[in-house]
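Visitor: how would this look folded up:
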Amino acid sequence: MDAHNTGKGQAYILSIDQSTQGTKALLFDQNGKLLLRKDLAHRQIINEKGWVSHNLSEIYANTIQAATQVIEASGIDKRQLAAVGISNQRETTTMWDRMTGEPLADAVVWQCGRAEAVSREIAQAGSGGLVQKKTGIPLSGYFPASKMAWLLRNTEGAAQKAKEGRVALGTMDSWLVYRLTKGKACKTDVSNASRTQLLDLETLRWDEELCGLFGIPMQALAEVADSDARFGETDLEGYLEHPVPILGVLGDSHGALFGQGCIRPGMIKATYGTGSSLMMNIGKKPTRSSHGVVTSVAWSMGGEAAYCLEGNLNYAGAVISWLKNDLHLIQSAAQTQQDAYAANPQDGTYLVPAFTGLGAPYWDANARAAISGISRTTGRAEIVKAALECIAYQINDLVQAMEQDTGEAISQLRADGGPSRNTYLMQFQSDICAKEVLVPQAEELSGIGAAYAAGIAAGVFDREKLFAQADVDVYQPKMEESLRKQKLEAGSRADIDEGKLLSGSCQTGYRQSGGY
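Guide: Numbering: from 1, shown residues only. Here you go, the predicted model:
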């Protein structure tokens with residue numbers, strides 16, 4: 001992307017997208033156009049137990065470096081930077097010393113299962129139902145409350161420092177806000193807070209009873225703020241001559257929902273990444289799911305909260321990585337598109353990507369992956385095609401769950417993330433869901449959403465004009481309804497875990513087997 005030289009009167013928005021693999025800094029002009037992006041990867045720290053961690057000091061240093069690099073490379077006058085927005089990997093959990101600002105431990109990454117024993121303890125005590133009722137989320141070690149409890153129990157000196165009021169616990173946004181404001185602000189937005197299992201969905205405040213269940217001192221938690229609140233000011237460690245406000249903070253999936261323009265109830269988007277997140281704006285009331293998805297806060301802006309239904313899949317892009325890195329069936333992710341088009345369209349191979357269990361809407365940690373329907377003519381291309389299609393089948397199950405929860409028929413699905421560039425996958429997604437699929441030409445929707453929130457709050461962007469200008473590629477369903485039903489029915493017979501779970505249309509099969 002070409003460097004951009006500013007004229008007088010311009011205003012710019014810096015967005016920091018702190019994700020699982022790295023940190024991106026994105027610079028936008030006053031029309032909401034992405035001018036330039038800089039990325040820095042950080043280490044994935046994985047020990048012999050498979051625990052996944054991130055070094056907080058490394059991530060903060062990368063944040064400052066990426067931010068200063070993108071401003072320098074753009075050629076803009078840095079005095080015209082109007083605001084900063086932040087999007088972040090959501091359930092990754094941090095702990096640091098409030099007095100010194102130093103990390104007390106590496107961050108526990110959302111993928112890490114080390115805190116599962118904490119959630120089992122609470123479940124065995126009979127409090128799982130209470131957690132789900134108050135938070136909208138089923139009790140799980142996936143979420144930060146259990147990770148926070150694990151950190152307090154297993155970090156030397158943490159329990160004593162917590163008693164002294166020195167411990168700060170939070171998601172990655174809280175850590176970045178704290179460091180960027182030089183310790184003056186310790187805040188989180190409601191979208192991130194709603195994923196911790198410590199926030200009451202009705203009051204949008206930390207819940208004393210929930211904090212007690214997990215053993216989390218309430219004074220250790222960040223202040224909960226609206227997503228477009230003034231989180232503080234930063235000078236990027238002295239790089240800026242004058243500090244600028246941090247005005248937009250959103251969890252990454254929430255940022256993508258906002259960046260996709262899903263600002264009205266019933267609008268829905270799928271973010272295809274390592275895993276996948278399907279999220280639906282459900283408006284001002286927190287509808288509770290009875291079909292295997294969860295309720296969270298989409299955002300709160302202008303003092304008004306919007307809620308969402310969400311389903312998370314463990315394996316989307318990770319299935320493609322498995323094909324490449326473990327099976328060596330492909331040399332690059334881009335190759336899957338060519339192979340899928342070249343495969344026999346009549347082949348009936350189905351893949352169930354339950355490598356580490358199944359997430360929403362199945363919630364079976366014991367399920368395991370399987371390939372079924374292989375014939376003598378099934379080859380490499382057919383297996384690649386099945387791997388792509390399994391992503392779309394999972395998304396379809398989540399779409400159906402949300403339609404049943406809300407009673408609304410969804411006509412349109414918006415898609416983003418790396419795999420959304422795969423035209424075979426997007427067309428198959430449209431076909432198997434029987435819905436129009438819209439893929440924006442812009443990438444990095446999480447960072448775009450945070451920039452939009454900050455730019456609107458700063459008065460730089462006009463909300464209506466901003467969302468009216470998006471360019472999208474449109475996929476229309478082309479598959480005959482009879483063939484679609486045939487594929488879903490065949491998929492539902494793909495047996496996994498001794499018949500307890502059925503893939504393809506996994507949700508339907510699971511319900512028939514009495515899973516719900």
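
Visitor: lowest-pLDDT helix or strand in this protein?
Guide: helix 506-512 (a mean of 36; mean pLDDT, DSSP states H and E).

Visitor: phi, psi of the residue nearest to S277 when sequence neighbours are not counted?
Guide: Closest residue to S277 apart from its sequence neighbours, by Cβ to Cβ, 6 or more residues apart in numbering: S253 at 4.2 Å. C-betas here are computed from N, CA, C, even on glycine. Backbone torsions of S253, given as degrees, to the nearest 10, read phi -70, psi -40.

Visitor: I64: what's it in contact with?
Guide: If a contact means Cβ atoms under 8 Å, 6 or more residues apart in numbering, then I64 has L236, E237, Y239 as its contacts.

Visitor: what's the helix or strand for it?
Guide: helix 56-74 (DSSP states H and E).

Visitor: could you give me the buried positions within that helix?
Guide: Using 16 or more other Cβ atoms under 10 Å as the test for burial, helix 56-74 gives 56, 58-71, 73-74.

Visitor: stretch 457-464 now?
Guide: Of the residues in stretch 457-464, A457, A458, V460, F461 count as buried by neighbour count, 16+ other Cβ under 10 Å.

Visitor: now A367: closest residue in space that isn't a chain neighbour?
Guide: Leaving aside its chain neighbours, A367 sits nearest to A354 (4.0 Å; criterion: Cβ to Cβ, 6+ apart).

Visitor: tell me which element the most far-flung residue of the chain relative to its centre falls in.
Guide: Distance from the C-alpha centroid of the chain peaks at R376, with 39.3 Å (Cα atoms, centre = their mean). For R376, there is no host helix or strand (DSSP H and E).

Visitor: picking up where we left off before, relative to L488, which of the contacts of I64 is nearest.
Guide: Nearest to L488, judged by Cβ to Cβ, of the contacts of I64 is L236 at 51.1 Å.

Visitor: so who does the closest one touch?
Guide: By Cβ under 8 Å, 6+ apart, the contact set of L236 is I64, A67, T68, L180.

Visitor: 7 Å - rerun?
Guide: I64, A67, T68 (Cβ atoms under 7 Å, 6 or more residues apart in numbering).

Visitor: before we move on, what about T274?
Guide: Contact partners of T274, counting by Cβ under 7 Å, 6+ apart, are T20, A316, G317, A318.

Visitor: wait, is the first one part of a strand?
Guide: Meaning T20. No: assigned with DSSP: H, G, I helix; E, B strand; the rest coil, T20 falls outside any strand and is coil.

Visitor: tell me where the stretch 1-150 of the chain has helices.
Guide: Secondary structure of the stretch 1-150 of the chain, counting by DSSP state H, counting those that start in this stretch: helices at 56-74, 116-124, 128-135, 144-154.

Visitor: can I get those helices in JSON lines including distance to Q10 and mean pLDDT?
Guide: Formatted as JSON lines, these follow (distance: least, Cβ to Cβ, whole Å; pLDDT from 0 to 100):
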{"stretch": "helix 56-74", "distance to Q10": "11", "mean pLDDT": "98"}
{"stretch": "helix 116-124", "distance to Q10": "49", "mean pLDDT": "96"}
{"stretch": "helix 128-135", "distance to Q10": "43", "mean pLDDT": "96"}
{"stretch": "helix 144-154", "distance to Q10": "39", "mean pLDDT": "98"}
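
Visitor: SS state for R179?
Guide: Following three-state DSSP, R179 is assigned to helix.

Visitor: I figured it hits Y60, correct?
Guide: Yes: using Cβ atoms under 7 Å, R179 is in contact with Y60, at 5.0 Å.

Visitor: which element follows the longest strand anywhere in the chain toward the C-terminus?
Guide: Longest strand of the chain, by residue count under DSSP state E: strand 304-313. Using DSSP H and E, the helix or strand that follows strand 304-313 towards the C-terminus is helix 317-321.
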